[in-house]
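# how would this look folded up:
(one chain, ligands or ions: 1)
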Amino acid sequence: MDVTEALTSRYSVRGYLPDQVPDELIREVFDLARLAQSGTNSQPWHIAVVSGEPLDELRRLLCERFDSGDQGGRDFPRPADPLPDELMDRRRACGYSYYATMGVERADREGRARIARKNYEMFGAPHAAFFSMPRVLGLSSAVDMGILLQTVTLLMVERGIGSIAQGALAQYPDTVREVADIPETNGIMYGMSFGYIDTEAHINTVRMPREPLETITSFVS
Ligand SMILES: Cc1cc2nc3c(=O)[nH]c(=O)nc-3n(C[C@H](O)[C@H](O)[C@H](O)COP(=O)(O)O)c2cc1C
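So this is what the prediction gives:
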């Protein structure tokens, strides 16, 4: 598999088999991901992997908070709504296409909450990783974290491992810290569920569209 094939075949996986990925393979992925580039070679990242019983406990704790209606709060707060129109439109379209695949109407608040809850069930994945960086860092280091995320994702695709990045897993950072081993002064940027793909899971048929080249680029020559 080459990079182009890894990129074009990848999608966010929301249905997993329970089988554990061998520990050596997980370590190989994160060991290679260390080679990702970062500004001034700062390598601001830390990745905390949680599997097995601790992950089941974390699922339980996060679902409990979500079910209680607790909104939580992120270590690195999101920009306030409304975002520019085209970004709001894409975000809505993303949610609706996900709900439609699961047979949930837009007006069905309970159905939408049931789907959002799956984030905290880690979509049934046998592993989760939490990506954190020192809280004092800002936007430029967030770029480094994004590069790491994509590097890990593509290395996993190459090894037949599916994954999904989840901002939702940064929503209750204090609960995550109770279980995951995260450096004290770090803030959690996002989580990732990963494992082998359940190819029978209907939710895995969702494919999100992309804007055409003309929309996202300009060329002057
Ligand atoms: C930083 C980041 C955070 C994300 N957070 C979530 C999330 O919390 N829940 C979710 O279901 N998907 C999440 N996603 C997945 C996006 O919705 C998905 O990447 C996008 O819709 C494009 O679809 P694709 O990955 O299948 O190509 C996230 C993706 C990224 C890169």
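# At which residues are the helices of the protein located?
Remark: helices assigned in the chain by DSSP state H are 3-9, 23-33, 52-67, 85-101, 109-117, 139-158, 173-179, 213-216.
# contacting residues for the most far-flung residue of the chain relative to its centre?
Within the chain, residue 221 marks the point farthest from the mean C-alpha position, 37.7 Å out by CA atoms, centre = their mean. By CB atoms under 8 Å, 6 or more residues apart in numbering, the contact set of residue 221 is empty. C-betas here are computed from N, CA, C, even on glycine.
# hang on, isn't residue 116 packed against residue 66?
Yes: the criterion here is CB atoms under 8 Å, and residue 116 meets it with residue 66 at 7.5 Å.
# the longest strand in this protein is where?
If you go by DSSP state E, the chain has its longest strand at strand 186-195.
# That one and the ligand, are they touching?
Yes: Strand 186-195 lies within reach of the ligand by CB under 6 Å from any ligand atom, at residue 190.
# going forward can the numbers begin at 17, since that is how I track them
Sure, I'll start counting at 17 from here, so that last one is strand 202-211.
# Mind pulling the model confidence for residue 110?
Residue 110 is assigned a predicted lDDT (pLDDT) of 94.
# And it, how far from the ligand?
Residue 110 sits 5 Å away from the ligand, going by CB to the nearest ligand atom, to the nearest Å.
# OK, contacts around that residue?
Going by CB under 8 Å, 6+ apart, the list of residues near residue 110 reads residue 224.
# which one is residue 160 nearest to, not counting chain neighbours?
Sequence neighbours aside, residue 54 is the residue nearest to residue 160 in space, at 3.9 Å (criterion: CB to CB, 6 or more residues apart in numbering).
# from what I can see the one you found touches residue 149, true?
No: contact criterion CB under 8 Å: residue 54 and residue 149 do not qualify, at 10.0 Å.
# where do the contact lists of those two overlap?
60-61, 157, 160.
# Show the pLDDT at residue 76.
98.
# quick revisit: when residue 54 and residue 149 are compared, which one has more neighbours?
Neighbours per residue (other CB atoms under 10 Å) separate residue 54 from residue 149, with residue 149 holding more: 25 against 16.
# Does the more buried one touch residue 58 like I think?
No: with contact defined as CB under 8 Å, residue 149 does not reach residue 58; the gap is 9.1 Å.
# what lines up beside the longest strand of the chain in the sheet?
In the sheet, strand 202-211 lines up against strand 143-150 (antiparallel), strand 178-182 (antiparallel) (DSSP bridges).
# How much space separates residue 158 from residue 219?
28 Å (CB to CB, to the nearest Å).
# With residue 106 instead?
Taking CB to CB, one finds residue 106 at 19 Å from residue 219.
# Give me the nearest residue to residue 188, chain neighbours excluded.
residue 88 (4.3 Å).
# count of neighbours near the residue lying closest to residue 196 once chain neighbours are set aside?
Excluding its sequence neighbours, the residue lying closest to residue 196 (CB to CB, 6+ apart) is residue 64, at 4.1 Å. For residue 64, the count of nearby residues is 19 (other CB under 10 Å).
# which residues does residue 64 contact?
145-146, 148, 196-198.
# which of the residues you listed count as buried?
145-146, 148, 196, 198 (16 or more other CB atoms under 10 Å).
# contacting residues for residue 224?
Listed by CB under 8 Å, 6+ apart, the contact partners of residue 224 are 27-28, 110, 113.
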